[in-house]
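Visitor: Turn this into a structure:
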Amino acid sequence: MAPLVLLTGATGLIGFRVLQELLLKSDYKIRITVRSEEKAQLILSNPVIQKVNPGDRLTYAIVPDILAEHAFDVALEDATYVIHTGSPVPVPGFDSLTQVWKPTVEGTANLLKSSLKFHTIKRVLVTSSIVANMAPMPDPSVTVTATSRVTLPGVPDTFSNVFEAYVLAKITELNDTDAFIEQEKPPFSVARVIPGYVYGRDELVLSADEAIAKSSSCGILLRSVTGIDCPAPIHGGYVHIDDLAQVYLKVLQLDSAAGGLNSFGACSLVNYADAWRIVEKNFPAAVAAGQLKQASLPTLPIAYDSTVTERALGVKFRPFEDAVKDVVSFYFEKLEAARASSS
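Guide: Sure thing, here's the model as predicted:
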């Protein structure tokens, strides 16, 4: 019988692409967690999933509240592997404490705690972020890696904005996961996948308007080349979504004792000023027609090194040009599909 992978966060950019990777490039059975039946059908009815026709390889478990005690117990039954991508992104308007901090920190802790109950589990992958490896205001003269850690003086009772909550939550969650491994000494191995900002085709998006409006890294990039300024600098580190999905599958299958490596950064450095130059080079007609317009996308400089991941997994991360081309091409695909359906 094929091993069962429990995947959280399949309704997000990373989780959905990891789901595709598992379905297309492995023989695993996959059980996704969703908050509702409606969310499950959103995944199962997606054209990309329909094309794969996974049958009984893909099932789901409804977990309405990841903070509830025993929330993951039913979902984890018979699982061999766990991939946790189900953490929130800093969406403007979210409540910093209840919609960002608690799901990130306490939700991950809840999943790890529940995993201790199931002796079938061999390996757990936890998704972090490069912001967890560096100070809230990074020093670009200091190179950090996936093994870098930040010690916080304490956690504030309140947060000034959702992004502050997101950064501090990611730092805390990464440190808490380290502490869990040290204190609990789980019978399964735990690995962290630590991506930069993620760009590429977001197959959960079904229209051009949704692509522009979505509160995601792809949405930020697309808005910046369609005339909408990004209000604040973003970290100058990225990964292509296809490369990241490959990292998850390789880390899942990696011998847990291989070199003692358990933190895998997936990040290449970028200056976002390059985005518009890439657009002008690859989409000159759309620029001339005014379909693409330059806007501000400021870069927060960082120094991050993921070469250890590339060597350990035998991967080479794609250039930023590929990411920009895929985001913009996907947008035009949706525009064309809308025109075709209305004609």
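
Visitor: Any buried residues in the helix or strand containing residue 275, and which?
Guide: Using DSSP states H and E, residue 275 falls within helix 274-282. By 16 or more other Cβ atoms under 10 Å, the buried positions in helix 274-282 come out as 275-276, 278-279. For the C-beta atoms, the positions are set from N, CA and C on the backbone; glycine is no exception.

Visitor: cool, stretch 55-64 as well?
Guide: Of all the residues in stretch 55-64, those buried under the rule 16+ other Cβ under 10 Å are 57-58, 60-61, 63.

Visitor: Export those residues as a markdown table, with columns for distance to residue 201.
Guide: Shown next, in a markdown table, are the buried residues of stretch 55-64 (distance: Cβ to Cβ, whole Å):
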| residue | distance to residue 201 |
| --- | --- |
| 57 | 22 |
| 58 | 20 |
| 60 | 23 |
| 61 | 27 |
| 63 | 27 |
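
Visitor: Which ones among these lie within strands?
Guide: 58, 60-61 (DSSP state E).

Visitor: Please enumerate the helices of the chain.
Guide: Using DSSP state H, the helices found in the chain span residues 13-25, 37-44, 47-52, 73-76, 102-115, 162-184, 208-213, 217-224, 241-253, 274-282, 284-288, 307-313, 320-342.

Visitor: Nearest to residue 84, out of those helices?
Guide: Closest to residue 84 of the helices of the chain, according to Cβ to Cβ: helix 102-115, at 5.7 Å.

Visitor: Identify each buried residue in stretch 69-88, please.
Guide: Within stretch 69-88, the residues that count as buried by 16+ other Cβ under 10 Å are 71-72, 75-76, 79-88.

Visitor: before we move on, the earlier item: figure out which of the helices of the chain is closest to residue 260.
Guide: When the helices of the chain are compared (using Cβ to Cβ), the closest one is helix 307-313, at 10.6 Å.

Visitor: Touching the closest one from outside, list them.
Guide: Counting by Cβ atoms under 8 Å, 6 or more residues apart in numbering, the neighbours of helix 307-313 from elsewhere in the structure are 145-146, 246-247, 250-251, 254, 258-259, 261, 264-266, 315-317.

Visitor: Is there a quick PyMOL command that grabs whichever of those are buried?
Guide: In PyMOL, this line selects whichever of the contacts of helix 307-313 come out buried by 16+ other Cβ under 10 Å:
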select buried, resi 145+146+246+247+250+251+254+261+264+265+266+315+317
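
Visitor: Of all the contacts of helix 307-313, the one with the weakest confidence?
Guide: Across those, the member with the lowest pLDDT is residue 258, scoring 53.

Visitor: would TSV of the helices of the chain with distance to residue 234 be doable?
Guide: Below are the helices of the chain laid out as TSV (distance: least, Cβ to Cβ, whole Å):
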stretch	distance to residue 234
helix 13-25	15
helix 37-44	27
helix 47-52	27
helix 73-76	33
helix 102-115	18
helix 162-184	9
helix 208-213	17
helix 217-224	7
helix 241-253	16
helix 274-282	11
helix 284-288	23
helix 307-313	21
helix 320-342	13
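
Visitor: Adding pLDDT and distance to residue 39 as columns, could you present the buried residues of helix 274-282 in TSV?
Guide: Converted to TSV, those look like this (pLDDT from 0 to 100; distance: Cβ to Cβ, whole Å):
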residue	pLDDT	distance to residue 39
275	99	32
276	99	36
278	99	34
279	99	34
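
Visitor: re earlier: among the helices of the chain, which is nearest residue 130?
Guide: Nearest of the helices of the chain (Cβ to Cβ): helix 162-184, 8.8 Å.

Visitor: Need the max-distance pair from the buried residues of stretch 69-88.
Guide: Taking Cβ to Cβ as the measure, the buried residues of stretch 69-88 span a maximum distance of 26.8 Å, between 80 and 88.

Visitor: for stretch 123-132, what is the average pLDDT?
Guide: Stretch 123-132 comes out at a mean pLDDT of 98.

Visitor: What does the pLDDT read for residue 88?
Guide: 92.

Visitor: for it, what are its contacts?
Guide: 94, 99-100, 103-104, 166.

Visitor: thinking residue 89 is in contact with residue 215, fair?
Guide: Yes. The criterion here is Cβ atoms under 8 Å, and residue 89 meets it with residue 215 at 6.5 Å.
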